[in-house]
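Undergrad: coords below, sequence missing:
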Ligand code: F6P
């Protein structure tokens, strides 16, 4: 018999997290009269049993449209490998026994974990230890393989598209090339979709190592044929042909990830150098993660939240909700994590982008491209100065 559940948000924030929290609380209380405990800052709240707050329907009033998460979050650390310092020495500890004790003490019959691949991997490991977890996938990157879409992605694409619309004005007025760097560590979904929606002339994604010569040629050709400006969208994880990604900071351990950034400036500098056309770079950064979720994401988040409550009611622990076509379904978290959903370089959306004349920087020589893909580590530490020459 379920009577009390916990809910937490982990990983980077994302538009729609509050809509999930609201849906979980409402569905749990209106349909089952369960108590719901909000756990703050991902798994930290459960390790240290701090800032745990009962959530009632009254408490979650007015949060549907709010960005961020009322529960707070963190994308640093992993309860299985917590770094502490004892007598000045670094010690890595497994603090999951504290989580198990606290779940017991609090009387939690289930925990709804909302998160991306890292958070859900921890949820899977906790489930293996016997914790009754149910997952809700989130990420603006839309790169989780087990769900057709994650909430937050659509809003991020809208934000990036609006930025492209605004940059068009200046690009056109000043006859400039405008480079826009968007998020997308491994997958180029935000770049591809916002680029198509925003009428970009070039789109660079991690899945297609790019030939900068193709981009410069496109910019030049447009100038000669009377279109005296160009807009190029660059995913932060894009990689030059035979080169590497630009890393700002290494991962610090656990499920933490490397921090990318700088490819936009690298591309912008080369365009200006090679074409002589004045070029400006805008990095959208966390603007894409913030703000109010759009209607689509509010609906998907509400569907996910309410369906997660149903999974708890059915005691389908170790599962997460997902979208398949137009239906909400569920999948074992075990089978869902660790596999990314990347843009297919030969897929329909990429093909359509090329059909309407968007330059993806695809090298002419397919053999060269294969060499680049198979090459050694595609990631380089440091600034955007020289990833190509490495
Ligand atoms: O995973 C979502 C994401 O937006 C990535 O595209 C990006 O690399 C990362 O988050 C940035 O995270 P942080 O908030 O740690 O800078």
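TA: Nice, thanks for sending it over. Nothing here was measured: the structure is a model prediction, and the numbers come from that model.
Undergrad: residues in this protein within reach of the ligand, list them.
TA: The interface of the chain toward the ligand, taken as Cβ under 6 Å from any ligand atom, is made up of 12, 75, 116, 139-141, 183-185, 236, 259-260, 289. (Glycine included, C-beta is placed from N, CA and C.)
Undergrad: Redo those residues as JSON lines? Include distance to residue 108 and secondary structure.
TA: Below are the residues of the chain next to the ligand laid out as JSON lines (distance: Cβ to Cβ, whole Å; DSSP: H, G, I helix; E, B strand; the rest coil):
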{"residue": "12", "distance to residue 108": "25", "secondary structure": "coil"}
{"residue": "75", "distance to residue 108": "23", "secondary structure": "coil"}
{"residue": "116", "distance to residue 108": "22", "secondary structure": "coil"}
{"residue": "139", "distance to residue 108": "25", "secondary structure": "coil"}
{"residue": "140", "distance to residue 108": "29", "secondary structure": "coil"}
{"residue": "141", "distance to residue 108": "30", "secondary structure": "coil"}
{"residue": "183", "distance to residue 108": "33", "secondary structure": "coil"}
{"residue": "184", "distance to residue 108": "35", "secondary structure": "coil"}
{"residue": "185", "distance to residue 108": "32", "secondary structure": "coil"}
{"residue": "236", "distance to residue 108": "37", "secondary structure": "coil"}
{"residue": "259", "distance to residue 108": "33", "secondary structure": "strand"}
{"residue": "260", "distance to residue 108": "36", "secondary structure": "strand"}
{"residue": "289", "distance to residue 108": "29", "secondary structure": "coil"}
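Undergrad: Quick check on the residues you listed: which are buried?
TA: Buried positions within the residues of the chain next to the ligand, assessed by neighbour count (16 or more other Cβ atoms under 10 Å), are 12, 75, 116, 139-141, 183-185, 236, 260, 289.
Undergrad: Minimum pLDDT in these, which residue is that?
TA: When those are compared on pLDDT, residue 75 comes out lowest, with 84.
Undergrad: got the residue ranges for the helices in the protein?
TA: Using DSSP state H, the helices assigned to the chain run over residues 17-32, 44-47, 96-106, 117-128, 153-174, 189-197, 212-224, 263-275, 295-313, 333-336, 348-355, 366-374.
Undergrad: Show the average pLDDT along the last one.
TA: Here the mean pLDDT over helix 366-374 is 49, rounded to a whole number.
Undergrad: among the helices of the chain, which is nearest residue 134?
TA: helix 295-313 (4.6 Å; Cβ to Cβ).
Undergrad: who does that closest one touch, helix- and strand-wise?
TA: helix 17-32, strand 110-115, strand 133-137, helix 153-174, strand 319-324, strand 327-332 (3 or more Cβ pairs under 8 Å, 6 or more residues apart in numbering; DSSP states H and E).
Undergrad: Is it possible to get a markdown table of the ones you listed that adds mean pLDDT and mean neighbour count?
TA: Conversion of the helices and strands packed on helix 295-313 to a markdown table gives the following (pLDDT from 0 to 100; neighbours: other Cβ atoms under 10 Å):
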| stretch | mean pLDDT | mean neighbour count |
| --- | --- | --- |
| helix 17-32 | 98 | 23 |
| strand 110-115 | 98 | 28 |
| strand 133-137 | 98 | 29 |
| helix 153-174 | 97 | 19 |
| strand 319-324 | 98 | 23 |
| strand 327-332 | 98 | 16 |
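Undergrad: Mind checking these for the one nearest to residue 98?
TA: When the helices and strands packed on helix 295-313 are compared for distance to residue 98 using Cβ to Cβ, the nearest one is strand 110-115, at 14.3 Å.
Undergrad: strand partners of the closest one, parallel vs antiparallel please.
TA: Partner strands and pairing direction for strand 110-115 (DSSP bridges) are strand 4-9 (parallel), strand 133-137 (parallel).
Undergrad: which other residues reach that strand?
TA: Contacts with strand 110-115, where a contact means Cβ atoms under 8 Å, 6 or more residues apart in numbering, come from 2, 5-11, 17, 20-21, 24, 39, 42, 46, 103, 119-120, 122-123, 126, 131-138, 305, 308-309, 312, 315, 317.
Undergrad: before we move on, what about stretch 82-90?
TA: Judged by Cβ under 8 Å, 6+ apart, the contacts made with stretch 82-90 from elsewhere in the structure are 47, 77, 91-95, 253.
Undergrad: Could you give the separation of it from the chain centroid?
TA: What separates the centre of stretch 82-90 from the centre of its chain is 31 Å, taken as Cα atoms, centre = their mean, to the nearest Å.
Undergrad: again, but for stretch 285-294
TA: On the basis of Cα atoms, centre = their mean, stretch 285-294 is displaced by 11 Å from the centre of the chain it belongs to.
Undergrad: got it, and stretch 208-224?
TA: Averaging C-alpha positions (Cα atoms, centre = their mean) puts stretch 208-224 28 Å from its chain's average.
Undergrad: what distance separates the start and the end of stretch 341-353?
TA: Across stretch 341-353, the terminal residues are separated by 19 Å (Cα to Cα, to the nearest Å).
Undergrad: for it, which positions count as buried?
TA: By neighbour count on 16+ other Cβ under 10 Å, the buried set for stretch 341-353 is 341-343, 345, 350, 353.
Undergrad: On the pLDDT front, check the closest residue to residue 20 other than its chain neighbours for me.
TA: For residue 20, ignoring the flanking residues on the chain, the nearest one in space by Cβ to Cβ, 6 or more residues apart in numbering is residue 305 at 4.1 Å. Per-residue confidence for residue 305 comes out at a pLDDT of 98.
Undergrad: about what we covered before: buried ones among the contacts of strand 110-115?
TA: 2, 5-11, 17, 20-21, 24, 39, 42, 46, 103, 119-120, 122-123, 126, 131-138, 305, 308-309, 312, 317.
Undergrad: Figure out the length between the terminal residues of stretch 349-363.
TA: According to Cα to Cα, stretch 349-363 extends 18 Å from its N-terminal end residue to its C-terminal end residue.
Undergrad: who touches it?
TA: Identification of contacts with stretch 349-363 by Cβ under 8 Å, 6+ apart yields 192-193, 195-196, 200-205, 208-212, 214-215, 217-218, 241, 343-345, 369, 372.
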